[in-house]
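Student: Fold the following, please.
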Amino acid sequence: MSNYYRAMNEDFGDDTERVDDNFSVEKKDDVERILINMWTKINMDIPNNYEDIVQYCYEDVCETADPHNWSDGDVVIAFRRWIESHG
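Tutor: Take a look at the predicted model:
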């Protein structure tokens with residue numbers, strides 16, 4: 001694993017573990033917050049199409065991550081998938 005992805009998988013806050021319904025407004029808000037924190041941490045401007053990225057990552061997390069024990073790492077993986085699908 002590259003240093004970049006190691007850095008991306010580091011803890012982005014104290015509340016990395018969440019228990020929510022699989023699809024919820026709160027979960028989407030958490031995904032958005034995690035992405036914004038990640039972009040801030042790597043000194044990246046928030047993309048103009050961030051709403052599309054949040055939606056993609058939210059749907060990916062809902063479809064692939066454990067619905068009751070997902071974390072910021074799942075969001076980072078979803079963002080990596082978004083990058084790969086648009087590369």
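Student: List the buried residues of the longest helix anywhere in the chain.
Tutor: Counting by DSSP state H, the longest helix found in the chain is helix 25-41. Using 16 or more other CB atoms under 10 Å as the test for burial, helix 25-41 gives K27, K28, D30, V31, E32, R33, I34, L35, M38, W39. Using the backbone N, CA and C atoms, a C-beta is placed for each residue, glycine as well.
Student: now the chain, which segments are flagged as low pLDDT?
Tutor: Scanning the chain with the threshold set as pLDDT under 70 gives 1-23.
Student: got the residue ranges for the helices in it?
Tutor: Using DSSP H, helices in the chain cover 3-8, 25-41, 50-64, 72-85.
Student: The last one: which residues count as buried?
Tutor: Pointing back at helix 72-85 there. Quick answer for helix 72-85 (16+ other CB under 10 Å): D72, G73, D74, V75, V76, I77, A78, F79, W82.
Student: Direction-wise, compare the longest helix of the chain with helix 50-64 and give the angle.
Tutor: 120 degrees (axes from the mean of the first three to the mean of the last three CA atoms, to 10 degrees).
Student: so how far is stretch 26-39 off the chain centroid?
Tutor: 6 Å (CA atoms, centre = their mean, to the nearest Å).
Student: Alpha carbons of that stretch, as PDB, please.
Tutor: This file holds the C-alpha atoms of stretch 26-39, laid out as PDB (Å, rounded to 0.1, in the frame of the first residue of the first chain):
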ATOM      1  CA  GLU A  26     -27.500  11.300   8.700                       C
ATOM      2  CA  LYS A  27     -25.300   8.700   6.900                       C
ATOM      3  CA  LYS A  28     -25.000  10.900   3.800                       C
ATOM      4  CA  ASP A  29     -24.100  13.900   6.000                       C
ATOM      5  CA  ASP A  30     -21.400  11.800   7.700                       C
ATOM      6  CA  VAL A  31     -20.000  10.700   4.300                       C
ATOM      7  CA  GLU A  32     -19.900  14.400   3.200                       C
ATOM      8  CA  ARG A  33     -18.200  15.400   6.400                       C
ATOM      9  CA  ILE A  34     -15.600  12.700   6.100                       C
ATOM     10  CA  LEU A  35     -14.900  13.600   2.400                       C
ATOM     11  CA  ILE A  36     -14.500  17.300   3.300                       C
ATOM     12  CA  ASN A  37     -12.200  16.400   6.200                       C
ATOM     13  CA  MET A  38     -10.100  14.200   3.900                       C
ATOM     14  CA  TRP A  39      -9.800  16.900   1.300                       C
END
